[in-house]
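A.B. asks: Got a predicted structure plus its sequence, pasted below:
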Amino acid sequence: MPESVPVLIIRELERIQNGFELSKQNAKDIETQLKAAFSAGYAKHGEKVGMLPTYVTKLPDGREQGEAWAIDLGGTNLYIDSEYSNDSYADTPFRRVCKVVLKGNHQATLEARKFPVSEELKQEHSDNGFRFIGYIVDCLDKFMTDLKHPRSTVLPLGFTFSFPVTMEKIDSGKLIKWTKGYDVKGTVDQDVAKLLNTALTDRNLPIRCNALLNDTVGALVSHTYHTGSCSVGAIFGTGTNAALVGKISKIAKLQKPNETGSIVVNTEWGGFDESSVITLTSFDRQVDEHSGNKGFQLFEKVISGKYLGEITRYILLDLIKKDMLFSGYVSSKLDKRHGFDTRFMSDIEMDTSGKMDKIRKIVTDELGLNMAEGKQVEHSDLEIVRWACQCVGIRAALLSGIAVAAALKFIEPPSPASVGIDGTVFLHYPNFKNRLRESLEALELDKDKVKIGIAEDGSGIGAGICAFLEARGAPQNDGGRDNVH
């Protein structure tokens, strides 16, 4: 709690903070309901927590060597990746921008090229997606040319396609709908992998798309390759989701009760919205009200980077309205929806200095809170801003830990279980990993039972590995172990 704040304001801050705190019983209740949601998703189709089979039934053991290609089609850039063995990948900075090769000994390398996707292409309405898919192939063709990559051998390709699809097998998925500003006419209900393969064949490129996946599956696969084992792959970034390794026989909707072996499942846990255990503050409700999908994806709205800054902004506005912050002054920037970016929270929490110069710079320069009429931003104002970020950030990390705990207890992997995590919030938000770990330990999953690591670029490396394994076709693990573990 801020130290230089008047007692009356402290009482209001305590009232607000109480709404963001989680008791051990709260954590257990959320964990229980999440596991129930996972079970419901296993039982039938159409549940909010979908538990979607990905048809990925092969995982690497880290000894694989070879080449593959990968395409990551995300929100703003199209990333073309190719797996190549050159220098060690381990120390190379990355974020869904890649080109890959498997070197064995748990080592992979990455090269990448970004290609912009124009608004015109994102809204292509004229030719049933042929121009859009053709552009993807053009990008891949140009990348191969720039690399002087030989075209004598057909290589596999993994396609990280971050849009809702109905999977029928690992190399087949029908588009349900476009999101993230895309609306390519004539492609809904079409098999996107088939469309891509048709275009590759028409262009005579020696590449076949044989794996369609999302970034959580890629995270799980990549972490398995780099560490030898992974039970859960999770993303905590702009959004949140996870994939886990489940027993096929337990997924009732697959109707294969006698099937041995395992399969990677896309949980879609962001859809969890059990209001009986997710206690929303008034600030959360304001975010939900203006979200465009009111009442849905509540879990995602309280832990993902897309919303954390907005929750914090509503806290600050509430205190300004009560004349408890910035002398009651609000700038046009702060008054605007999404005017307080989640990245500000990260920078603010990193400033633990007494002077809080970095926080002051954000408040004055980024938020436009240059006080008029002889007033100034007080030291207590800066303390309150940091406190607000901590309220929202700590809760997000604790809830993320609860989700990981629920997934692990649902599948009951051998101990110690391995979890691979990616995403900007996990990677860059101060103390996020430590706070997530606190949550796991509160739910009796300590460091001896759960190993947490960074999943190295699932969208590129993970996709390439999936394609490589499908092309090779053989089980990847030593005898006596399940192919997926």
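C.D. replies: Received, thanks. Residues are numbered from 1 along each chain as shown.
A.B. asks: and residue 58, helix, strand or coil?
C.D. replies: The three-state assignment at residue 58 reads coil, by DSSP: H, G, I helix; E, B strand; the rest coil.
A.B. asks: does it really touch residue 467, like I thought?
C.D. replies: No: taking contacts as C-beta atoms under 8 Å, residue 58 lies outside contact range of residue 467: 10.8 Å. Placement of C-beta: from N, CA and C, glycine included.
A.B. asks: and the two? which has more neighbours close in?
C.D. replies: Between residue 58 and residue 467, counted using other C-beta atoms under 10 Å, residue 467 has the larger neighbour count: 30 against 21.
A.B. asks: hang on, that one is in a helix, isn't it?
C.D. replies: Yes: the assignment for residue 467 (three-state DSSP) places it in a helix.
A.B. asks: and it, what is it in contact with?
C.D. replies: Residues in contact with residue 467 (C-beta atoms under 8 Å, 6 or more residues apart in numbering) are 68, 69, 70, 156, 157, 158, 209, 210, 211.
A.B. asks: can we see that at 6 Å?
C.D. replies: 68, 156, 157, 158, 210, 211 (C-beta atoms under 6 Å, 6 or more residues apart in numbering).
A.B. asks: just curious, which of these is nearest to residue 144?
C.D. replies: Relative to residue 144, the closest of those is residue 157; by C-beta to C-beta it sits at 11.3 Å.
A.B. asks: residues making contact with whichever helix or strand that closest one is part of?
C.D. replies: Element membership for residue 157, per DSSP states H and E: strand 155-161. Contact with strand 155-161 is made by 67-73, 192, 207, 209-213, 215, 218, 459, 463-464, 466-468, 471, as judged by C-beta under 6 Å, 6+ apart.
A.B. asks: Select from the residues you listed every entry located in helices.
C.D. replies: Judged by DSSP state H, the contacts of strand 155-161 include 192, 215, 218, 463, 464, 466, 467, 468, 471 as members of helices.
A.B. asks: Tabulate the residues you listed in a markdown table, adding columns for distance to residue 451 and pLDDT.
C.D. replies: Shown next, in a markdown table, are the ones in helices among the contacts of strand 155-161 (distance: C-beta to C-beta, whole Å; pLDDT from 0 to 100):
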| residue | distance to residue 451 | pLDDT |
| --- | --- | --- |
| 192 | 35 | 94 |
| 215 | 21 | 90 |
| 218 | 19 | 94 |
| 463 | 23 | 93 |
| 464 | 24 | 94 |
| 466 | 22 | 96 |
| 467 | 27 | 94 |
| 468 | 25 | 95 |
| 471 | 30 | 93 |
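A.B. asks: Next, give me the two most distant ones among those residues.
C.D. replies: 215 and 471 (21.0 Å).
A.B. asks: separation between the nearest residue to residue 259 once chain neighbours are set aside and residue 42?
C.D. replies: Using C-beta to C-beta, 6 or more residues apart in numbering and skipping residues adjacent in sequence, the residue nearest residue 259 is residue 248, 4.3 Å away. Residue 248 sits 11 Å away from residue 42 when distances are taken as C-beta to C-beta, to the nearest Å.
A.B. asks: again with residue 232
C.D. replies: 16 Å.
A.B. asks: what about the residue nearest the centre of the chain, is that helix, strand or coil?
C.D. replies: Here the mean C-alpha position of the chain is nearest to the C-alpha of residue 235 (C-alpha atoms, centre = their mean), at a distance of 2.8 Å. Secondary structure for residue 235, judged by three-state DSSP, is strand.
A.B. asks: That one - nearest residue in space that isn't next to it in sequence?
C.D. replies: Nearest non-adjacent residue to residue 235, counting by C-beta to C-beta, 6+ apart: residue 423, 4.4 Å away.
A.B. asks: OK, contacts around the one you found?
C.D. replies: 235, 236, 237.
A.B. asks: give me that answer again for 10 Å
C.D. replies: Shown in contact with residue 423 (C-beta atoms under 10 Å, 6 or more residues apart in numbering): 95, 215-216, 219, 234-241, 304-305, 400, 429, 432, 454-455.
A.B. asks: repeat for residue 381
C.D. replies: Counting by C-beta under 10 Å, 6+ apart, residue 381 makes contact with 2, 4-5, 316, 319-320, 324-327, 329, 356, 359-360, 363, 369, 371.
A.B. asks: can you list the domains in this protein?
C.D. replies: The chain breaks down by automatic domain parsing into domains covering 1-54+228-454, 65-213+458-472.
A.B. asks: For the last one, measure first residue to last.
C.D. replies: End-to-end distance of domain 65-213+458-472: 11 Å, with C-alpha to C-alpha, to the nearest Å as the criterion.
A.B. asks: and what of the longest one?
C.D. replies: Across its full length, domain 1-54+228-454 reaches 32 Å end to end, with C-alpha to C-alpha as the criterion.
A.B. asks: separation between residue 210 and residue 263?
C.D. replies: Residue 210 is 17 Å from residue 263, by C-beta to C-beta.
A.B. asks: what's the answer for residue 461, then?
C.D. replies: Distance of residue 461 to residue 263, given as C-beta to C-beta: 21 Å.
A.B. asks: In terms of neighbours, single out the busier of the two.
C.D. replies: Of the pair residue 461 and residue 263, residue 461 is the one with more neighbours under other C-beta under 10 Å, namely 33 against 21.
A.B. asks: May I see the buried residues of the longest strand along the chain?
C.D. replies: Determined from DSSP state E, the single longest strand within the chain is strand 107-116. For strand 107-116, burial by neighbour count (16 or more other C-beta atoms under 10 Å) applies to 107, 108, 109, 110, 111, 112, 113, 115.
A.B. asks: bridging residues for the first one?
C.D. replies: Okay, so that is residue 107. residue 104 (DSSP bridges).
A.B. asks: Might one say that it is in contact with residue 60?
C.D. replies: No: Residue 107 lies out of contact with residue 60 (C-beta atoms under 10 Å); the separation is 11.8 Å.
A.B. asks: can you list residues touching both of those two?
C.D. replies: Common neighbours of residue 107 and residue 60 (C-beta under 10 Å, 6+ apart) are 225, 226.
A.B. asks: Low-confidence stretches in the chain?
C.D. replies: Applying pLDDT under 70 to the chain flags the ranges 74-79, 81-99, 371-374, 474-485.
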